[in-house]
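>>> What would the 3D arrangement of this be:
(one chain, ligands or ions: 1)
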Amino acid sequence: MALKPSAGSRAADATARRCGVCGQESRQFLFRPGPPEQAPDLDLRPGEPVRGTMARWLQQCPHCGYAAPDIARAHPAAAAAVGAAPFRALIAEGGHPPLARRFLAWAHVLEETGALHAAAEATLHAAWVADDLGQTELACDWRLDAVALWRGGPPLDHEQTVRVIDALRRAEAFPDAGATAEDLARSSPPEAVAQVIALERRLIAAGDAGRHSVASALPPPSRRPHATMRGPRSPVGEGFFAKLKRLFRRG
Ligand SMILES: [Zn+2]
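Numbering: from 1, shown residues only. Predicted coordinates:
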């Protein structure tokens, strides 16, 4: 039986990593998160204890500024992106919180190497940093940047589209959020997704740009006639929101 993880991390061992971009060594922590115990937000920002560990999600090379979950790994095109003026400007932007700059630096490399959805995810992480610091304008800007990256990449599935809707709502882009939610609701999404869309639509109608938990979208099992038929095992092909529902529904 493994020991219960503390502060969302099983191990935080410092180790020497050779940067995949510039080749220089530095001491870095390997971050291996434990399981979240609280339900995530509607944009899938994890609950505690993982939520509070963002400072350890990315490593950053102190020599060239490259930031990644593991700086020893780099896309062949990463060195060109890291050496170019836009990246240098990003990591030097004094008006942005340092931790947010690290996520934006990683997002920039992902975007430059064609991984648009992963870039959106990293940009959303920068918005979460801004949320925690009460920097609402930056959080809005970065959510809208994330939405542009999501929409610029391959077609989105139902669950990713919910995150786009949530990012738009949190950025107070209510008309776009509402139209996107309406389109998604018409596309016969799975039940758990439909329940999250229903909550999003209520929040959008109320002009609510606040943070809400996935658990608040999922009704307790007593309202679900067939819930007792379900075993503890995850059904094959179960979507992510359905899995969350099983783990975190408000009972
Ligand atoms: Zn480096």
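>>> From residue 188, how far out is the closest residue to residue 116 other than its chain neighbours?
Excluding its sequence neighbours, the residue lying closest to residue 116 (CB to CB, 6 or more residues apart in numbering) is residue 153, at 3.3 Å. Heads up, the C-betas are built off the backbone N, CA and C, glycines and all. Here residue 153 is placed at a distance of 23 Å from residue 188 (CB to CB, to the nearest Å).
>>> Looking at the two, which one has more neighbours?
Residue environment comparison for residue 153 versus residue 188 gives the larger neighbour count to residue 153, 17 against 9, counting by other CB atoms under 10 Å.
>>> how about the strands of the stretch 151-251 of the chain, start to end?
Listed in chain order, the strands of the stretch 151-251 of the chain (DSSP state E, counting those that start in this stretch) amount to none at all.
>>> Look through it and state the residue closest to the ion.
For the stretch 151-251 of the chain, the residue positioned closest to the ion under CB to the ion is residue 153, at a distance of 26.8 Å.
>>> Could you break this protein into its assigned domains?
Under automatic domain parsing, the residue ranges defining each domain of the chain are 14-154, 155-251.
>>> Save those as a markdown table, and put in mean pLDDT too.
Formatted as a markdown table, these follow (pLDDT from 0 to 100):
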| stretch | mean pLDDT |
| --- | --- |
| domain 14-154 | 95 |
| domain 155-251 | 83 |
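>>> So which bits of the stretch 1-150 of the chain are right by the ion?
In this structure, the stretch 1-150 of the chain approaches the ion at residues 19, 21-22, 61, 63-64, 66, judged by CB under 5 Å from the ion.
>>> want to try a markdown table for the residues you listed, with neighbour count and secondary structure as columns?
Formatted as a markdown table, the entries for these read as follows, by neighbours: other CB atoms under 10 Å; DSSP: H, G, I helix; E, B strand; the rest coil:
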| residue | neighbour count | secondary structure |
| --- | --- | --- |
| 19 | 24 | coil |
| 21 | 23 | coil |
| 22 | 18 | coil |
| 61 | 24 | coil |
| 63 | 14 | coil |
| 64 | 20 | coil |
| 66 | 26 | coil |
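>>> give me the number of residues near residue 45?
Residue 45 has 21 neighbouring residues, counting by other CB under 10 Å.
>>> Kindly provide the distance from the residue of the stretch 151-251 of the chain closest to the ion to residue 115.
On the measure of CB to CB, residue 153 and residue 115 end up 8 Å apart.
>>> neighbours around the closest residue to residue 156 other than its chain neighbours, how many?
Leaving out its chain neighbours, the residue that sits closest to residue 156 by CB to CB, 6+ apart is residue 150, at 6.0 Å. In terms of burial, residue 150 registers 22 neighbours under the definition other CB under 10 Å.
>>> tell me which residues in the helix or strand hosting residue 150 are buried?
With secondary structure defined by DSSP states H and E, residue 150 is part of helix 136-152. The neighbour-count criterion (16 or more other CB atoms under 10 Å) identifies 138-147, 149-150 as the buried residues of helix 136-152.
>>> Columns distance to residue 100 on top of those, output as CSV?
Supplementary listing: the buried residues of helix 136-152 in CSV, determined by distance: CB to CB, whole Å:
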residue, distance to residue 100
138, 7
139, 9
140, 13
141, 11
142, 7
143, 12
144, 15
145, 12
146, 12
147, 17
149, 16
150, 19
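>>> closest to residue 168 among the residues you listed?
For the buried residues of helix 136-152, the closest approach to residue 168 (CB to CB) belongs to residue 147, at 6.0 Å.
>>> how far away is that closest one from the ion?
Note on residue 147: its distance to the ion, by CB to the ion, to the nearest Å, is 30 Å.
>>> my guess is that residue meets residue 164, correct?
Yes: the pair formed by residue 147 and residue 164 meets the contact definition of CB atoms under 8 Å, at 5.4 Å.
>>> Doesn't residue 107 belong to a helix?
Yes: assigned with DSSP: H, G, I helix; E, B strand; the rest coil, residue 107 falls within a helix.
>>> Thanks a lot, catch you later.
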